[in-house]
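1. sequence unknown, structure follows:
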């Protein structure tokens, strides 16, 4: 048996039997690289993605490169993110358990892309600021139920709780956002969704500069 394999088995065995945590913040990433293995083999791992496949990640953390198996039952965060959208160099967190049949391998129950989460937070912040600017110039807010959506023409019908129907057209460059203020595609909206539009109302028409679907996360 090679020294590398012996060392790997020794590290995993020590961690799993003793319950040990390591953490270190690097100058290139403000979040700490973390490895915590409990006495029952449960793992909290944080590190940098080295490679991505359809069902696993390679994550560089304490001890070297770790293989992270990500079954279909695992929760991948941010919500709605596909594992294949993870990028080399992304900082990730993994919750799972030590795989007893392979060295430096974790079977994940939760995988979170912290780099993507930070980018999403920045996007939400930008969208909120832009929406506030638009709303300060167009204070009229209309809420209702969406129907007759034509995503290509960017038109739809909005019917208020009082039963008033408006024909809505999105202005060029209009913001389209979901409930958490993240950017969405208009094609993600569905008939029956509760939506809010911010824009100019003229009789039964609305020219909107912000479209917010509060039914879409």
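-> Nice, I can see it. Worth saying up front: this structure is predicted, and the values here are computed from it rather than measured. Numbers count the residues shown, from 1 in each chain.

2. could you pull out the strands for this structure?
-> Using DSSP state E, the strands found in the chain span residues 20-25, 32-37, 42-52, 56-61, 64-69, 75-77, 91-98, 105-113, 141-150, 155-159, 165-178, 194-202, 205-213.

3. Kindly reformat the ones you listed as a markdown table containing distance to residue 124.
-> C-beta: built from backbone N, CA, C; applies to glycine. Output for those, formatted as a markdown table (distance: least, C-beta to C-beta, whole Å):
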| stretch | distance to residue 124 |
| --- | --- |
| strand 20-25 | 25 |
| strand 32-37 | 24 |
| strand 42-52 | 23 |
| strand 56-61 | 25 |
| strand 64-69 | 27 |
| strand 75-77 | 15 |
| strand 91-98 | 19 |
| strand 105-113 | 16 |
| strand 141-150 | 19 |
| strand 155-159 | 24 |
| strand 165-178 | 8 |
| strand 194-202 | 16 |
| strand 205-213 | 12 |
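
4. can you pull the pLDDT of the spatially most central residue of the chain?
-> Residue closest to the mean C-alpha point of the chain, counted by C-alpha atoms, centre = their mean, is residue 78 at 2.2 Å. Per-residue confidence (pLDDT) for residue 78: 79.

5. With residue 144 instead?
-> The predicted local confidence for residue 144 is 95.

6. cool, and residue 140?
-> Residue 140 carries a pLDDT value of 68.

7. same question, residue 58
-> 93.

8. thinking again about what came up before, ok, the residue nearest to the centre of the chain touching residue 114?
-> No. Between residue 78 and residue 114 there is no contact under C-beta atoms under 8 Å: 9.6 Å.
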